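**Q** structure for the following, please:
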Amino acid sequence: MPLGFLFSDIVRFRRFCYRIGIKKIHKLPIPVVIVGNITVGGTGKTPLVIYLAQLLITAGYKPGIITRGYGGKSDTWPVLVNPETDVLIAGDEALLLAKHTQCPVAVGPNRVLSAQLLLKQAGCNLILSDDGLQHYALARDVEIAVIDGERRFGNGYCLPAGPLREPLNRLQDVDMVVVNGGQTEQTEFAMQLLGNQAVNLKTREQKALTDFAVGGCHAVAGIGNPGRFFNLLSNAGITATMHSFPDHYPFEHSDIDFHDGLPVLMTEKDAVKCAGFASLQHWYVPVQAILESNFKQQFITLLRDKTNG
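**A** A predicted model of the protein is given here:
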């Protein structure tokens, strides 16, 4: 706990240094929307970024997406990503973003450089950042914090005593709070991740998820919160042997081969890393972010107010 208090003080001091100009903040000539969280572990940021990208395109914007590229092994950063990019270069999340949004995607640890690359080469008029709430070197117009509605903030302490990357009062400064599952509080927006189909990694055949409720199967998840995926399967009536792996885990064939012929269900994020050695028994379950009905208009209105004022 003393280390948690120290971590909290360091976080506050770091942000203060940006606020008073000791550390430089880079302001882009186009709007920047940050989707992040204040806790460790998966909260559902990437599905929300995909949702927002599609919403922004419908509203007439040309968004480009930046992301850290965890698990990527590129020799140089930043790197532009398309749906055919090697997952070993860019990481799993970047491939999903490129595949589902058809937007230009730039990956790299320095989000300022990634955004500048998109601005220079892709002709974007808005930057959408998957994670990066704590990357204060990049100025932002809109901040959206995503909360895991089941776990929320744990014991409420900062690392390493608890799950928080920043103190809870950081949420007072963000523009919108989205809660993935669970109960929402006043001013929070509800989001659900829904998936009712499975797609075969080899043949692209699609089957209803409920078809796997008959007979056993294996469930594989290497994401921030594997329990969320396992609960999705359980709610579809599926009884599975569960296999949890660390987030961004670099899967090998032996990790998903259980030598019993049973179907293996995994997340789409894991599937992009397993496609090269998957067999006919391997399936992934794509999910889609569903936001409450008033979110769309409030987000677009907020964005236009922030960037036109």
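
**Q** wait, Met1 touches Cys158, no?
**A** No - in this structure Met1 lies outside contact range of Cys158 using CB atoms under 8 Å: 9.6 Å. C-beta here means a position set from N, CA and C on the backbone, and glycine is covered the same way.

**Q** settle it for me: which of the two has more neighbours?
**A** It is Cys158, of Met1 and Cys158, that has more neighbours when counted by other CB atoms under 10 Å, with 24 against 11.

**Q** which residues touch the spatially most central residue of the chain?
**A** Ranked by distance to the mean C-alpha position of the chain (CA atoms, centre = their mean), the top residue is Thr46 at 2.5 Å. Residues in contact with Thr46 (CB atoms under 8 Å, 6 or more residues apart in numbering) are 93, 96-97, 130, 269.

**Q** list the buried ones in the helix or strand containing it?
**A** Here Thr46 sits within helix 45-58, counting by DSSP states H and E. Using 16 or more other CB atoms under 10 Å as the test for burial, helix 45-58 gives 45-56.

**Q** between those, which is nearest Gly222?
**A** Thr46 (13.8 Å; CB to CB).

**Q** before we move on, back to that, and the residue nearest to the centre of the chain, what pLDDT?
**A** On the pLDDT scale, Thr46 is placed at 94.

**Q** out of the contacts of Thr46, list just those in strands.
**A** Among those, the residues falling in strands (DSSP state E) are Asp130.

**Q** just the buried ones among the contacts of Thr46, please.
**A** Buried members of these, scored by 16+ other CB under 10 Å, are 93, 96-97, 130, 269.

**Q** redo those residues as CSV? Include pLDDT.
**A** Formatted as CSV, the buried ones among the contacts of Thr46 follow (pLDDT from 0 to 100):
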residue, pLDDT
Glu93, 92
Leu96, 94
Leu97, 96
Asp130, 96
Lys269, 94
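
**Q** and the furthest pair within the residues you listed?
**A** Spatial extent of those (CB to CB) is set by the pair Asp130 and Lys269 at 12.1 Å.

**Q** need the overlap of contacts for these two.
**A** Common neighbours of Asp130 and Lys269 (criterion: CB under 8 Å, 6+ apart): 46, 93.

**Q** about what we covered before: for the buried residues of helix 45-58, which one is nearest Gly162?
**A** Proximity of the buried residues of helix 45-58 to Gly162 (CB to CB) peaks at Lys45, which lies at 19.6 Å.

**Q** quick one: contacts for the closest one?
**A** Per CB under 8 Å, 6+ apart, neighbours of Lys45: 35-37, 130-131, 146.

**Q** for the residue nearest to the centre of the chain, give its distance to Asn196.
**A** Distance, Thr46 to Asn196, using CB to CB, to the nearest Å: 19 Å.

**Q** how about the helices in the protein?
**A** Remark: helices assigned in the chain by DSSP state H are 2-20, 45-58, 87-90, 92-101, 111-121, 226-235, 268-274, 295-308.

**Q** excluding its backbone neighbours, what's nearest Leu193?
**A** Setting aside the residues directly before and after it, Leu193 is nearest to Val287 in space (CB to CB, 6 or more residues apart in numbering), at 4.4 Å.

**Q** count the neighbours of that neighbour for me.
**A** If you count neighbours by other CB under 10 Å, Val287 ends up with 22.

**Q** out of the buried residues of helix 45-58, flag the one nearest to Ile300.
**A** Among the buried residues of helix 45-58, Leu55 lies closest to Ile300 (CB to CB), at 7.4 Å.

**Q** residues in contact with that closest one?
**A** Applying CB under 8 Å, 6+ apart, the residues near Leu55 are 296, 299-300.

**Q** now those: which count as buried?
**A** By neighbour count, with 16+ other CB under 10 Å, the contacts of Leu55 hold 299-300 as buried.

**Q** need the contacts of Leu55 in TSV (columns: distance to Asn235).
**A** Output for the contacts of Leu55, formatted as TSV (distance: CB to CB, whole Å):
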residue	distance to Asn235
Lys296	26
Phe299	28
Ile300	32
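
**Q** just the contacts of Leu55 now: which is nearest Leu6?
**A** Closest approach between the contacts of Leu55 and Leu6, by CB to CB: Phe299, at 36.2 Å.

**Q** what bridges to Ala106?
**A** Using DSSP bridges, the beta-bridge partners of Ala106 come out as Ile66, Leu80.

**Q** circling back: now render the buried residues of helix 45-58 as CSV, adding distance to Asn225.
**A** Shown next, in CSV, are the buried residues of helix 45-58 (distance: CB to CB, whole Å):
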residue, distance to Asn225
Lys45, 12
Thr46, 12
Pro47, 12
Leu48, 14
Val49, 17
Ile50, 18
Tyr51, 18
Leu52, 20
Ala53, 22
Gln54, 23
Leu55, 24
Leu56, 26
